[in-house]
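Asker: Sequence unavailable; structure follows:
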Ligand SMILES: [Zn+2]
Ligand SMILES: [Zn+2]
């Protein structure tokens, strides 16, 4: 089937200036890339910030298509692509490292030393290069994964989220069976963290947050205890729940400085903390406790070290139903409404998906 030459796309023309166009040129896959007919692109917490302020090294306004949690069908193959076929159902990860720097060679491509340098092969889809709020997108095969048959493409947008949660878990050496796990922040990444911790054999899983509807969803994802931090001190409660010992493994996904402080506060001797949230300001952590209690604190940038492949395998093997997390879907024509729904969390919005 011949590909069209133009497509519908939501294009950023300036700060806060998102416009729908129907004559955007359909990109052509370069060597090593596939062209994806986008089926679904989920709104991430970082997207409203990109809409409002752009992103360092973003494509020029008037050409910039963002959105980085997308799925679809392979529509065409670039030169040399042998690992995919036209028609494959796929999902993507936003980071494609340069492939040649020390970090990329070690698998840490989310912290590529040539970030934003297109000439050196770096891509950050939906950030420094175009992404998925359009009918078509091109991705290098290193950033593309096949979606198992059992996972619908709307829900498969959450595989990118799952990979971020899993990378946090991997950054602290995984979760051992029976361990007490605390997840701060019941957003999509935190809830997915709860789910993955459950699949990995965690003992007690404690989820903290401020919104009771989100905490309730946490129960569905596998949390044993939820703590509303508006009502009680999470550190005290976690020590009470663990006979005064503290938590083995902690995922801080809220991005609030207080939760980062509390993560150190509730950590057990020799425990591990992954910081996954995005913080607006420095946090006053008790670093002496970190030293004296032999605590590991790991930053976790996005979904490195092919965590997406592992996240897909785990969720597929356990036939997890991701549908409770996708609360709203909108056609591309109504993307403004989709953003409003996601940002204001209208109707209890969690993951809002746009269908180009
Ligand atoms: Zn994201
Ligand atoms: Zn690199």
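Answerer: Structure's in. What do you need? Worth saying up front: this structure is predicted, and the values here are computed from it rather than measured. Ligands and ions are numbered 1, 2, ... in the order given.
Asker: is the residue nearest to residue 76 when sequence neighbours are not counted in a bridge, and if so with what?
Answerer: The spatially closest residue to residue 76, leaving aside those adjacent along the chain, is residue 35, at 4.0 Å (C-beta to C-beta, 6 or more residues apart in numbering). Any C-beta I mention is one placed from the backbone N, CA and C, and that applies to glycine too. Applying DSSP bridges to residue 35 yields these beta-bridge partners: residue 76, residue 138.
Asker: what comes up buried for stretch 159-175?
Answerer: Taking 16 or more other C-beta atoms under 10 Å as the basis for neighbour counts, the residues of stretch 159-175 that come out buried are 159-172, 175.
Asker: Tell me the spatial nearest neighbour of residue 328, not counting adjacent residues.
Answerer: In space, residue 328 comes closest to residue 352 once its chain neighbours are excluded; the distance is 4.5 Å by C-beta to C-beta, 6+ apart.
Asker: Count the residues that sit near the one you found.
Answerer: Under the neighbour criterion other C-beta atoms under 10 Å, residue 352 is assigned a count of 26.
Asker: Report the residue ranges of every domain in the protein.
Answerer: Using automatic domain parsing, the domains assigned to the chain come out as 6-151+322-355, 163-299.
Asker: Just the element for the one residue in the stretch 151-300 of the chain that gets nearest to ligand 2, please.
Answerer: Evaluated by C-beta to the ion, the stretch 151-300 of the chain has residue 167 as its residue closest to ligand 2, separated by 16.7 Å. Assigned by DSSP states H and E, residue 167 belongs to helix 158-171.
Asker: how far out from the middle of the chain is that helix?
Answerer: Taking C-alpha atoms, centre = their mean, to the nearest Å, one finds helix 158-171 lying 7 Å from the centre of the chain it belongs to.
Asker: now stretch 347-356
Answerer: Stretch 347-356 has its C-alpha centroid displaced from the chain centroid by 15 Å (C-alpha atoms, centre = their mean).
Asker: And it, end to end?
Answerer: Taking C-alpha to C-alpha, to the nearest Å as the measure, stretch 347-356 stretches 22 Å from start to finish.
Asker: give me the element residue 194 is part of.
Answerer: helix 188-199.
Asker: what helices or strands is that helix leaning on?
Answerer: Helix 188-199 makes packing contacts with helix 158-171, strand 181-184, strand 205-209, helix 212-221, strand 247-252, helix 307-317 when contacts are defined by 3 or more C-beta pairs under 8 Å, 6 or more residues apart in numbering; DSSP states H and E.
Asker: Give me whichever of those is most buried.
Answerer: Among those, strand 181-184 has the highest mean neighbour count (mean count of other C-beta atoms under 10 Å), at a mean of 31.
Asker: Not counting it itself, show me its contacts.
Answerer: Contacts made with strand 181-184 from outside it, assessed by C-beta atoms under 8 Å, 6 or more residues apart in numbering, are listed as 175, 190, 193-194, 197, 202-209, 218, 223, 234, 238, 247-254, 256, 259, 262-263, 266, 277.
Asker: And what about residue 154, helix, strand or coil?
Answerer: helix (DSSP: H, G, I helix; E, B strand; the rest coil).
Asker: again, but for residue 319
Answerer: State at residue 319, reduced to three classes by three-state DSSP: coil.
Asker: And the closest residue in space to it that isn't next to it in sequence, which helix or strand is it part of?
Answerer: Taking C-beta to C-beta, 6+ apart as the measure, residue 319 lies nearest to residue 150, with 6.3 Å between them; neighbours along the chain are not counted. Assigned by DSSP H and E, residue 150 belongs to neither a helix nor a strand.
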